[in-house]
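J.: let's see this in three dimensions:
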Amino acid sequence: MRLALLVSLSLAACSERPAEAPRPVEGGNQPPKPSAAGAPIAIDGSSTVYPIMEAVAEEFQKANENQKVTIGVSGTGGGFKKLCAGEIAMAGASRPIKASEVEACKAAGIEFIELPVAYDGLTVAVSPKATWIDAITLAELKTMWEPEAQGKVKKWSDVRKGWPDAPLNLFGAGVDSGTYDYFTQAVVGKEHSSRGDYTSSEDDNVLVQGVSNDVNALGFFGYAYYDQNRDKLKVVPVDDGVADNGAGPITPSPETVRDGTYQPLSRPLFLYVAKSAAARQEVGSFIHFFMRSGASLVKEAGYIPLPDEAYAMTEKRYDAGITGSMFEGGSKVGMTVEKLLAAEHAAEPAVGTPAPVAGEAPAAGAPPAGGPPAGAPPAGGPPGGAPPAGAPAHP
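T.: This is a model prediction of the structure:
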């Protein structure tokens, strides 16, 4: 497990607050409250999402001063535990929150806002020296990874005739990882279900090193970790057997993930914000910076940005203070964030439950009752209609 990394950030927007404190409004996120000396923003969770948060934190620091952000890596499950315990402001996640985690947060009185932030293509990879494999089917992946394979599927030749009679050494995410949950759902057909005799780690760099140094290894991890180690790894295209979304083996790439042909291993990545933390000015500024500047930073981190309209809808979701998850029941393999967000914003009433403060909560995308009219700056941004420091407005 990677040690937590401390990243120092700053927040110039605090100095732009009006002399008179803002009035509370009904529904949605409340006007940001002054934070004594800029309380640190604590983030933890997915190792997959970590490179994105690191990139956003670095650019946020350039635009702001005197604001500390701590970024830890304890896996998606570990991040949710800390979020539900009230220990952190935000949790990065490589899968949607589970029903059991929702209940844990509810029992602790913690509400959260779910924000899709990027796409990922889970990548299957081997050593460049594994010359016998150029592609794999979804059925063959299941043969390798299903619980029944333990003690039976031990060699490459046990998977496909013609592959070598050599040990099959598997590497994958640890069981506390959202990557593990999504992979098992997509490949085996049941979340958190796989053989147990494989080398696991919450640190994707450990998996990359293990696969690259073992000619008989096969592993899976986030696309960014493959993209950053192309000289050490050989990607294995996956054939899901469904011609409608692309015939034959498909290689993960920004294009195939975005257009939906790399199935079923394309998935969204998330940031979950504690509702109580959303009232803090520095948290609001960080989120708006992310939503308005995030596409290039996601790409820089090696992942696939959402379409601009999806970031705009996600920002509205945050401003409306919509709590709960769009992914009730767990991961929705093959479903795009754009479709879920569009359905939410078109619904009457909106999907999700705005956290009540006083009176009726607003519909998604609508200004809070008694709050600013459409077009006014979002909660968490500076006054005067300008975006948070360093964040361009959406076109």
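
J.: can you give me the strands in the stretch 1-150 of the chain?
T.: Remark: strands assigned in the stretch 1-150 of the chain by DSSP state E, counting those that start in this stretch are 5-10, 41-45, 66-71, 90-93, 112-121, 123-126, 136-137.

J.: will you turn those strands into CSV that also has mean neighbour count and mean pLDDT?
T.: (C-beta placed from N, C-alpha, C; glycine too.) CSV is the format used below for the strands of the stretch 1-150 of the chain (neighbours: other Cβ atoms under 10 Å; pLDDT from 0 to 100):
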stretch, mean neighbour count, mean pLDDT
strand 5-10, 17, 37
strand 41-45, 26, 95
strand 66-71, 20, 85
strand 90-93, 29, 97
strand 112-121, 25, 96
strand 123-126, 24, 98
strand 136-137, 18, 98
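
J.: in JSON lines: those, plus distance to G222.
T.: As requested, those are exported to JSON lines (distance: least, Cβ to Cβ, whole Å):
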{"stretch": "strand 5-10", "distance to G222": "17"}
{"stretch": "strand 41-45", "distance to G222": "13"}
{"stretch": "strand 66-71", "distance to G222": "16"}
{"stretch": "strand 90-93", "distance to G222": "12"}
{"stretch": "strand 112-121", "distance to G222": "5"}
{"stretch": "strand 123-126", "distance to G222": "7"}
{"stretch": "strand 136-137", "distance to G222": "18"}
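
J.: nearest to A342, out of those?
T.: Of all the strands of the stretch 1-150 of the chain, it is strand 112-121 that lies closest to A342, at 12.2 Å by Cβ to Cβ.

J.: packing partners of the closest one?
T.: In terms of contacts (3 or more Cβ pairs under 8 Å, 6 or more residues apart in numbering; DSSP states H and E), strand 112-121 is packed against helix 223-227, helix 254-258, strand 266-274, helix 281-300, helix 308-320, strand 322-323, helix 337-346.

J.: one more time with 7 Å, if that's ok
T.: Where contact means 3 or more Cβ pairs under 7 Å, 6 or more residues apart in numbering; DSSP states H and E, strand 112-121 is packed against helix 254-258, strand 266-274, helix 281-300, helix 308-320, strand 322-323.

J.: could you figure out how far the fourth one is turned away from helix 281-300?
T.: Computed by axes from the mean of the first three to the mean of the last three Cα atoms, to 10 degrees, the angle separating helix 308-320 from helix 281-300 equals 160 degrees.

J.: for the protein, spot the helix or strand the model is least confident about on average.
T.: Sorting the helices and strands of the chain by mean pLDDT, DSSP states H and E puts strand 5-10 at the bottom, at a mean of 37.

J.: can you list the domains in this protein?
T.: 5-119+267-354, 123-258 (automatic domain parsing).

J.: and the last one, how far out from the chain middle?
T.: In this view, domain 123-258 has its centroid 20 Å away from the chain centroid, taken as Cα atoms, centre = their mean, to the nearest Å.

J.: mind checking which of the strands of the stretch 1-150 of the chain is nearest T256?
T.: Of the strands of the stretch 1-150 of the chain, nearest to T256 by Cβ to Cβ is strand 112-121, at 7.1 Å.

J.: contacts for that closest one?
T.: 48, 52, 83, 94, 105, 222-223, 252, 257-258, 262, 265-275, 278, 290, 294, 298, 303-306, 310, 314, 317-318, 321-323, 325-326, 337 (Cβ atoms under 7 Å, 6 or more residues apart in numbering).

J.: tell me the spacing between the residue nearest to G86 when sequence neighbours are not counted and F60.
T.: Spatial nearest neighbour of G86, chain neighbours left out: I110 (6.0 Å); criterion: Cβ to Cβ, 6 or more residues apart in numbering. Here I110 is placed at a distance of 24 Å from F60 (Cβ to Cβ, to the nearest Å).

J.: look at those two and report which has more neighbours.
T.: Between I110 and F60, counting by other Cβ atoms under 10 Å, F60 is the more crowded of the two (28 against 18).

J.: check what pLDDT the more buried one gets.
T.: pLDDT, F60: 83.
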